Structures are given as structure tokens and as C-alpha cells.
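>>> quick check, what structure comes out for this input:
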Amino acid sequence: MEKRKSAAALRIVSLAPSATSILCAVGAKKWLAGVTKWCALVAPVNGLPKLGDCWSLDLAEVLKLKPTLVIGSVPYKQETVAKLLAQPLTFLAMNPRTLGDVENDIRMLARLVDRGKQGERVVGWMRTEFEKVATKARRAKERLRVYCEAWPNPRISSPPWVAELVKRRNDRATGPEGFRGTGGRSTAGRDRAGMGGD
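From the prediction side, this is the model:
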């Protein structure tokens, strides 16, 4: 009973489309007080206040929404997160490195809003869909070389879970190995089955 009271009191501002998508998938949209301008691309959040993200954020706009929890995800700008941490609110930063981490983030957010069973269903659905892709890929005659990049400027390589997805399709990930740059200048990277990211 106490968990339900705690969840009901939540006012969540999501600065990560991934977190917004997860919360909507487990039936917790009603606890979202605000989202990023990118979230509507991955979740049904029309009508909610649209904010910046972990790179560019008007802190005053966030505080107007009186959140009890702000969720962000890497990559982020340190100055932006520092401003959030200086406020009397809880900030949760997600940084999944593997597909296992992604599943754990789904479970964590689901439990946070008292939707543990729904979280397990989402994880199960995700695994089923990945297996469908893998099964179809096994019949393919050609392996693709897939360039993976998390952000163009500054250029940031994708986290390892992206390479895991590519590998499940029996393709090969390619891109800058753990490279973080400024100015968006192109870099030469090595082909590799798994990629590192910061």
C-alpha cells in the first residue's frame, strides 16, 4: 500500500526519450509532468510540456513543473546536470552499457511507478522481437556493415548495446572506437564486432 502512495505522489520530468518510452510502455504516462522535445518521436506524449534535454535545458522551465523526480540519460552536458543537482529534487541518470542494462533500467523504472509486472512484460516483448529479427537475419545472404554513432556534434560513439543489436542481426558494427570529439569532425574508426562508448 505504501508503494502505491509513493508512486501516486510522483511528478516526473523525463529528459531522456528512452525513459519516456519505458514509462509510457508500462502504463505510467500519467506521472509524467514534462518531457523533452524529442520524446514525441518515440512515445505518445502530445499535450505534455516540452522541455530541452540533458544538453540544453532551461532550468526555470523544469522547476515550474514542480517535479519530484528528473530522469536523464547519457550523453549529457555536465553543466546542465550540475544545475539540476543543485536543486532540491531527485535526479536519476541512466547509462545502460549492455542490453542486460537496458532490461534492468526497464525493470527499475517500472518498479519505481509500481508497475513491476508490466515491466517484465515489456522485457519479454522486447526479447521476442529481437529473436524475430535474429531469425529473419539468419536467412539473409548478406552481412551489412553498420555505422553506429550516438551523437554527431560532438561526435560520440554508440554504447556497446547498439553493437549487440547489430550483432544479433548477424551484421557488423563499425565506427569510432570509444571516440569523443568536438566540432563534429569526422574520424577514422576500425571495424569491430563490439563498440565502446563513453
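>>> now the strands for the chain?
Remark: strands assigned in the chain by DSSP state E are 12-14, 32-36, 50-51, 69-73, 90-94, 145-147, 149-152, 155-157, 172-174.
>>> quick check: domain ranges of this protein?
Under the assignment automatic domain parsing, the domains of the chain span 2-125, 142-198.
>>> now the weakest link among those domains, please, by mean pLDDT.
Among these, domain 142-198 has the lowest mean pLDDT, at a mean of 61.
>>> got the contact list for the lengthiest helix in the chain?
When the chain is parsed with DSSP state H, its longest helix is helix 116-138. The contact list for helix 116-138 (Cβ atoms under 8 Å, 6 or more residues apart in numbering) reads 22, 25-27, 99, 103, 106-107, 109-111, 165, 168-171. Where you see a C-beta, it was placed from the backbone N, CA and C, and this is true even at glycine.
>>> cool, stretch 87-100 as well?
16, 18-19, 59, 63, 67-74, 76, 81, 84-85, 101-102, 104-105, 130, 159-161, 164-165, 197.
>>> hmm, back to that, among the contacts of helix 116-138, which ones are buried?
Among the contacts of helix 116-138, those buried by neighbour count (16 or more other Cβ atoms under 10 Å) are 22, 25-26, 99, 103, 106-107, 109-110, 165, 169-171.
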